[in-house]
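Undergrad: coords below, sequence missing:
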């Protein structure tokens, strides 16, 4: 089952969800609704992911048009993402995930911890 995680810029939330899902044995990729293709994750995103045992250093942002294979499940980080995606897209957790860009590492830690919990819950739901 292929999962596509979507956020705005594809440089922090959705790439982190992707690496967590892959670490959980799921087939996953990510994209952004307004991604600047080739953009690198923020330094804070890379650092906090590393603290948690994940590597975002090779990730490069991509837009939805760059997704080559159709996913089975499309997951947005906020209700606005889900609305923009339409169809059967679903929200990752029970509430919108805050965009941590520019808010400091503590915000990244809080958001990334929630993404880890939500991805693990999603894995259980899909099993």
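TA: Perfect, I can see it now. Since we're looking at a predicted model, the values are computed, not measured.

Undergrad: what are the ranges of the strands in this structure?
TA: 2-7, 27-32, 73-76, 90-91 (DSSP state E).

Undergrad: so what does the first one touch, helix or strand wise?
TA: For strand 2-7, the elements it packs on are helix 13-23, strand 27-32, strand 73-76, helix 79-85, judged by 3 or more CB pairs under 8 Å, 6 or more residues apart in numbering; DSSP states H and E. All C-beta atoms are positioned from the backbone trio N, CA, C, and that covers glycine.

Undergrad: Not counting the first one itself, show me its contacts.
TA: Put plainly, it is helix 13-23. Residues outside helix 13-23 that contact it (CB atoms under 8 Å, 6 or more residues apart in numbering) are 3, 5-7, 28-32, 41, 45, 49, 54-56, 59, 61, 75, 77, 92, 97, 99-100, 111-112, 115-116, 118-120, 122-123.

Undergrad: ok, longest helix in the chain?
TA: helix 105-126 (DSSP state H).

Undergrad: quick check: angle from that helix to helix 13-23?
TA: 50 degrees (axes from the mean of the first three to the mean of the last three CA atoms, to 10 degrees).

Undergrad: residues of helix 105-126 that come out buried?
TA: The neighbour-count criterion (16 or more other CB atoms under 10 Å) identifies 107-108, 111-112, 114-116, 118-119, 122 as the buried residues of helix 105-126.

Undergrad: Next, format the helices and strands packed on strand 2-7 as a markdown table and append mean neighbour count.
TA: Converted to a markdown table, the helices and strands packed on strand 2-7 look like this (neighbours: other CB atoms under 10 Å):
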| stretch | mean neighbour count |
| --- | --- |
| helix 13-23 | 24 |
| strand 27-32 | 22 |
| strand 73-76 | 22 |
| helix 79-85 | 16 |
